[in-house]
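> here is the input, now give the coordinates:
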Amino acid sequence: MVHSSPSLPPLDTLETFARAARLGSFSAAAEESGVTHGAVSRQVSRLERWMGVRLFERKARGVNLTPEGMRFFARTEEALALLGNSGERWSPRRAKAVVRLSVTPSVASLWLFRRLARLEGSDIHLELVLEHRLADLGEGSDLAIRCGKGPWAGVRGVQLWQEKAFPIASPALAERLRRGNDAQALLELPILHDSNIEGWRRWLAPEGVDYVPRGQDRRFEDYNLVIDACCQGLGIALARPPLSAAALDEGRLVPVSDRTIDYHVAFHLIRSDEALRGPAAELAVRLLREAGHDEAAISSFTAPGRKG
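Numbering: from 1, shown residues only. Predicted coordinates:
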């Protein structure tokens, strides 16, 4: 997991900067790192924006450090050497290829973690960037999983799964609904939802209910908190398979209605249009197989993009 600090430069940019400074070329740094020229350029630009100075003079046949870049390069080399010589290794599984996946906390905790061993195998170390904002694949992430309607400009995406949503509750709370499970019966209990209430509006609308959140209802930013609150009997939630599958399979939650709706947004696996690195392409294959995609869809998504 990656965290940022306002008092420190973006740490994931430092090794890229140092490599480009040593080699005097973004292209050479990209080749040594196994990424594209564009990815190196964006990392350096991100670092320059944070510092507020130009670190390199861009030339037709390479790059030269500016005076500010020379001073910062010396400090960066010292910092990287200190970390490299540390008795405690901060980069585990050095024999594995590191792939960075930007993902929301709910997908990580409810779907990805239980599949992590199969996704990593013996050759990949998956580094998770947990965030809600729109993923910027130019900031070092190889792939991203985001929820929305798509498509998005400048990236290639594929829908991971189609969600059939239906109301769920803890077994104890479900007992209170034995005499009815229509909209009016459900609305006697608190409704649990995330930051988007459209799912509940769509489920309740066929029974003539124009749902507006009430004081007794509860809103959570992440869907994993919706599931946790529902398991604790705090209210009724909408199942969003496969994210809700484990809680249902384990009996911590039960359906309280057979009526389902197609959820209005979906989770997508997203990549840059630039060619994927080999390990990132392999992780994409494994993610899509776990999500139930066939080989034709997988090949279409992982096919080489434009050159960076």
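
> what helices or strands is the lengthiest helix in the chain leaning on?
As assigned by DSSP state H, the longest helix anywhere in the chain is helix 67-84. Judged by 3 or more C-beta pairs under 8 Å, 6 or more residues apart in numbering; DSSP states H and E, helix 67-84 is in contact with helix 14-23. The C-beta positions use only the backbone N, C-alpha and C, and glycine is treated the same way.

> what residues of the helix it packs on count as buried?
Buried residues in helix 14-23, counted by 16 or more other C-beta atoms under 10 Å: 14, 16-21, 23.

> quick check: beta-bridge partners of the spatially most central residue of the chain?
Nearest residue to the geometric centre of the chain (C-alpha atoms, centre = their mean): Val103, 1.2 Å. Beta-bridge partners for Val103, by DSSP bridges, are Leu130, Ile145.

> that one against Leu128, yeah?
Yes: in this structure, Val103 is within contact of Leu128 by C-beta atoms under 8 Å, at 6.0 Å.

> now the common contact residues for the two.
Counting by C-beta atoms under 8 Å, 6 or more residues apart in numbering, the common neighbours of Val103 and Leu128 are Leu112.

> what about the stretch 151-300 of the chain, any weak spots by pLDDT?
178-180 (pLDDT under 70).

> tell me where it has helices.
Assigned by DSSP state H, counting those that start in this stretch, the stretch 151-300 of the chain shows helices spanning 171-175, 183-186, 198-204, 223-231, 245-249, 278-290, 295-302.

> equivalent analysis for the stretch 1-150 of the chain, please.
Using DSSP H, counting those that start in this stretch, helices in the stretch 1-150 of the chain cover 14-23, 26-33, 37-51, 67-84, 105-107, 116-120.

> list the buried residues of the longest helix of the chain.
For helix 67-84, by 16+ other C-beta under 10 Å, it's 69, 72-73, 76.

> let me have those in JSON lines, extended by pLDDT and distance to Ile145.
What follows is the buried residues of helix 67-84, written out as JSON lines (pLDDT from 0 to 100; distance: C-beta to C-beta, whole Å):
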{"residue": "Gly69", "pLDDT": "86", "distance to Ile145": "35"}
{"residue": "Phe72", "pLDDT": "88", "distance to Ile145": "34"}
{"residue": "Phe73", "pLDDT": "86", "distance to Ile145": "35"}
{"residue": "Thr76", "pLDDT": "85", "distance to Ile145": "32"}
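
> just the buried residues of helix 14-23 now: which is nearest Glu282?
Ranked by distance to Glu282 (C-beta to C-beta), the buried residues of helix 14-23 are led by Thr16 at 22.2 Å.

> domains for the chain, by residue range?
Per the record, the chain has its domains at 11-84, 97-161+266-302, 164-262, by automatic domain parsing.

> centre of the chain versus the longest one, how much separation?
This points to domain 97-161+266-302. On the basis of C-alpha atoms, centre = their mean, to the nearest Å, domain 97-161+266-302 sits 7 Å off its chain's mean C-alpha point.

> how long is that domain end to end?
Start-to-end span of domain 97-161+266-302 (C-alpha to C-alpha, to the nearest Å) is 18 Å.
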